[in-house]
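Chemist: After the sequence you'll find the predicted model.
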Amino acid sequence: MGKNKDKRQNILRDFIVNFFAKSAGLVSFLGYSALYPFEVLRNKFSSIFYIILNSVKALIKICVEVTRRIYNFSKRIAEKYRSRRKLIEVHKVSTKKKKRKFTSIAQLGLKKVRVLLKKRQIHFVTGIIFSFIFVYIPLSAYSWYRNLPQPILLSQITNRSTKILDRKGRLLYEIYVDRKYDPVLLTDIPKNVIDSTLAIEDSEFYTHKGVRPLSIIRAAKATFFDSSVQGGSTITQQLVKNVLLSPERTVSRKVKEIFLALLVETQYSKNEILELYLNNIAYGGTSWGIQSASKKYFDKDVRDLNLAEASFLAGLPSSPSVNSPFSGNLEISKQRQRLVLDRMVKLGYITRLDADEASNAELTFASQKSYIRAPHFVNYVKTQLYEKYGQHLVDFGGLTVTTTLDLDVQEKAQEIVTNGVKESADLNISNGASAIIDVRSGGILGYVGSVDYFSENGGAFDVVTASRQAGSAAKPITYALAFEKGLTPASFIDDSPITFQSYGQTYTPVNYDGKFHGVVSLRQALANSYNIPAVKLVKNLGVENMVALANKMGLKNWKFDSSYGLSVTLGGKEVRLLDLTNVYATLARSGVYRDVTSFISIKDANGFEIYNKNDQKEERAISDGISYLVTNILSDNYARSGAFGFNNSLNIPKHTVAVKTGTTDAKRDNYTFGYTPSYVVGVWVGNNDNTPMNPQLASGLSGAAPIWNKIMLSLLNGFENETFLPPPSVVFRNYPECKNRSEVFIRGTELKSICSVPNDKSKEKNKKNDRR
C-alpha cells in the first residue's frame, strides 16, 4: 500500500513538472504562431494595432517567463524530495532497532511532502491564472479584433448606382438596388451644408479622437441603469455603424463601434471621414449620401443648395422616415430644420438674421414621380448592359454609361409622335413610334417606343423592338438584289395581273391603289411602291437570295425556311422597327452594314473605360454602286409623283432625302423610312392590338408620313443640303431622244435606249413565264 502511495506521488510530481515545462514551450509556440502572419503584413496595419500587437507579445513573454520560473521552482522541490527520500532509505536499512524512529522520520517526510504538494497545487493554480490573464485574454482579444471589419473598407464601398447619360452627359436614369449612392468630393460640398451637418450631429468633430467620453458614459448609464441602449455617437461612430457594422442595438455592437471609431481616426484625416460620412449616411428612402438626397428632395446638385435647403437636409439623418417632408407632416421636418439653424447660430456659423430668413424661406420639393427620361430607350439600354456585364455589376458597380441618345432630339421626336397620333385619331390610330439613327456611327439618337410610356393603356409597350410586319418598306432589298443580278433602274417590268402557284396554293398580289400600270421601269416600280413588279422580281431572283441579302443588310432575324414565300418582298415576315431602320442606314452608308449601338462610353466606378467599341460589327452588305442606285430612286420625287403626287409629306424642301413608305394588309401597320447622308428616321403608327386603321389612311399623305416629315425637318433645320455622292462605279447617261431623260447605271450595264418598251409579243411571253 505504501509503495502504491509513493508511486502515485511520483506520478503527480512528474505530471506537475512536465506540465509546466511543456506549457512554457506551448504558450510560446501558440502565441508567436498566431502573430506571425500579422508580422508579415506589418506595413498594412495601423499604429494603434501595433500597440495592441506589441502589448500581446509582451504579455506572452511575461507568461513564458513566469511559467519557466514555476518550472525551475518545481524542479528544485523535486530534488529536495529525492534527497530526503534517500535519507529515509539509509535509516531504514541501518537497523531494525530504530524502526520506530525511522517511522517517525518517514511520517515527518510525508507530511512535508504533502505540504510541498499543496504548495505545488497553489503554483499550478497560479500558473493557470497567469495563463488566463496573460495568454487567453490577449489571444481572445486579438481574435475578436481580427474578426472586426477593417476601416479600409470605408473607401472601398462597392454598392454604387449606375448612371445612364445621354451623349451630352445629361442624366436619363440611375440603376440601383435598395440604396442610391451618388458620391461627391468634399470640395464640391458647400460650406453651409458642412456647417449645418456639424452643428446638429457633431460640433466637436474636429477636436475629438473619434469618440466623446462623456457621451459614452451617458450611454453606458442609460444601458445598465435604465435598461435602454442610447446613442451619443460622433460622426465617426455613425460612419462606422452605417458602413461597417450591422444596425442591431446591442452593447457588443456599441463596443465594436467605439473601438473601430478610434481606429478609423488613425487611418483617415478628419476631412476624409467627413466626406465619407456625407456620402454614406441615410437621408430617407433609397437616398444615401448628400448628393442623392439633394436630387431626391430638391432636384438639384448639392453645390447649388442654399442655407434653407442645406439645414433642412441636415435634419433628416437622425430619423429619415419621421423627418421626411413626404411623411405627411411637414411641420415635424420644419421643427427639425429650426433646431439645426438654432445650433448653427449658437456655434457662430451664421447670424440670427440668416437663421430666420432660412427658416421662413419657402421650400420647393421635387416631384416624387419616378425619375426617368426616354424610358423605352433606358429599358433597352438596361437589357443590353445586363447581357454584356451581368446584373450584379450593373446594379451595384457604379458604372457611368454615356449613351448615343441626344435628349434634345429625343424629346422633340416624342412630342411630334405624341401630337401626330392625337391628330390622327380619326384614322383609328392609337399609338406611334420612331427610331432615329446617326448614319456614320450607327448610334441611336432618338428612341420613341410609344406615345406615352406612363399611360396605363399599354404605354410601356415598346414598338421599336416589337416584331411586326414591314409592308412595302422591305421592297428596296428586292431591288438591290435585282441590281446585283444585272438589272438597271431603266429595265422594264410589266405591272399587270398575275397569279402564282406555290405549294398547292394560289397567290395573287395587288397594288396599293388597286390599279395596274402596265410596263414600267424598275425606277417607277420602286419609287411608286408597286406590289406586282416586286413580287415578279423576287419570283425570278429567288426568295432565298432575297432573304439572305436582307440578313446581310440588317434583318438578322430573317433566316430562310419553308415559311418564306413570295410575299416576303411585301413585308410578309415580321421585323423590328429598329432593325428595318438600320437597313436604310446601310443604304445611307453606301452599302456598309454596321451594328446599331447605344453606347459611346462605359466606365467603371474608378473611371476606367470598359466598353470595347470593337464589339460593333461592320461589314459590306452591298456594293456602293448598287446602294447608290436604290438611294437615287428613293430620293427621286418626280419618279414617285404617280402614286404620291408632288406635294406630299415625303418631300423635304431644299434637302435631298431618300424615302420609302410601307403599309401592311388591312392597314394594321403604317411606316415611313427616310434618310440623308447623316440621319435615318423610321416611323410607325398603328394599334398595339393589331386593330386595323381607317381604310381612308393614305400612305405618304397621312399616318406615319407627316410625323416622319416633322421629325426630319427638326433634324435638318439650320443645316445645308447634303447630297448623296455617286461612287466611281456608277455612270450617268443622258438620252436626248427620250425627252432628254437621264439614268444612272453601274458602269458597264448602260442601256442603248430607255425610250422603247417591250413589244406585245415580248409582253405576252413575259406573262406566260410569270404564270409558271
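Modeler: Perfect, I can see it now.
Chemist: Please name the residues that touch A374.
Modeler: 166, 172, 405, 407, 410, 414, 447 (Cβ atoms under 8 Å, 6 or more residues apart in numbering). Placement of C-beta: from N, CA and C, glycine included.
Chemist: gap between the two ends of stretch 439-454?
Modeler: 30 Å (Cα to Cα, to the nearest Å).
Chemist: buried set for that stretch?
Modeler: Buried residues in stretch 439-454, defined by neighbour count with 16 or more other Cβ atoms under 10 Å: 439, 442-453.
Chemist: ok so, going back, nearest to E272 among the contacts of A374?
Modeler: Comparing those against E272 with Cβ to Cβ picks out L172 as the nearest, at 31.8 Å.
Chemist: Please write out the alpha-carbon positions of the helix or strand the closest one falls within in PDB.
Modeler: Using DSSP states H and E, the element containing L172 is strand 171-175. C-alpha atoms of strand 171-175 as PDB (Å, rounded to 0.1, in the frame of the first residue of the first chain):
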ATOM      1  CA  LEU A 171     -28.900  62.100 -66.700                       C
ATOM      2  CA  LEU A 172     -31.500  59.700 -68.100                       C
ATOM      3  CA  TYR A 173     -31.800  57.300 -65.200                       C
ATOM      4  CA  GLU A 174     -30.000  55.700 -62.300                       C
ATOM      5  CA  ILE A 175     -29.900  52.000 -61.700                       C
END
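Chemist: What average pLDDT does it get?
Modeler: For strand 171-175, the mean per-residue pLDDT is 89.
Chemist: Can you pull out the residues in contact with it?
Modeler: 161-166, 180, 182, 371-375, 377-378, 382, 385, 394-395, 403, 405, 407.
Chemist: Just those: which are in strands?
Modeler: 162-165, 180, 403 (DSSP state E).
Chemist: export those to CSV and tack on distance to A435 and neighbour count?
Modeler: What follows is those, written out as CSV (distance: Cβ to Cβ, whole Å; neighbours: other Cβ atoms under 10 Å):
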residue, distance to A435, neighbour count
T162, 24, 23
K163, 24, 19
I164, 18, 25
L165, 20, 18
K180, 30, 22
T403, 14, 27
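Chemist: out of everything not next to it in sequence, what's closest to L713?
Modeler: Distances taken as Cβ to Cβ, 6 or more residues apart in numbering put I652 closest to L713, at 6.4 Å, once the chain neighbours are dropped.
Chemist: For that neighbour, grab the count of nearby residues.
Modeler: I652 has 20 neighbours, counted by other Cβ atoms under 10 Å.
Chemist: contacting residues for it?
Modeler: I652 neighbours (Cβ under 8 Å, 6+ apart): 674, 709, 712-713, 716.
Chemist: give the contact list for the nearest residue to S529 once chain neighbours are set aside.
Modeler: Nearest residue to S529 in three dimensions, chain neighbours excluded: S472, at 4.7 Å (Cβ to Cβ, 6+ apart). Going by Cβ under 8 Å, 6+ apart, S472 touches 512, 529, 531, 534, 570-571, 660-663.
Chemist: For the nearest residue to S161 once chain neighbours are set aside, the count of nearby residues, please.
Modeler: Using Cβ to Cβ, 6+ apart and skipping the chain neighbours, the partner closest in space to S161 is Y176 (3.7 Å). As a burial measure, Y176 scores 22 neighbours (other Cβ under 10 Å).
Chemist: Please apply the same query to the one 5 residues further on.
Modeler: Counted with other Cβ under 10 Å, the neighbours of Y181 add up to 22.
Chemist: repeat for the one 10 residues further on
Modeler: Look at K191: counted by other Cβ under 10 Å, it has 10 neighbours.
Chemist: In three-state terms, label V659 for me.
Modeler: Following DSSP: H, G, I helix; E, B strand; the rest coil, the label given to V659 is strand.
Chemist: list the contacts for it?
Modeler: V659 touches 634-635, 650, 672-674, 708, counting by Cβ under 8 Å, 6+ apart.
Chemist: re earlier: quick check: the residue nearest to L713 is in a strand.
Modeler: No - secondary structure of I652 (three-state DSSP): coil, not part of a strand.
Chemist: distance of it from D395?
Modeler: 44 Å (Cβ to Cβ, to the nearest Å).
Chemist: now swap in Y479 and tell me
Modeler: 47 Å.
Chemist: cool, D624 as well?
Modeler: Counting by Cβ to Cβ, the gap from D624 to D395 is 44 Å.
Chemist: Ok, H655 next?
Modeler: Taken as Cβ to Cβ, the span from H655 to D395 is 44 Å.
Chemist: Quick check: can you list the domain ranges of this protein?
Modeler: Taking automatic domain parsing as the reference, the chain has its domains at 2-147, 178-360, 416-766.
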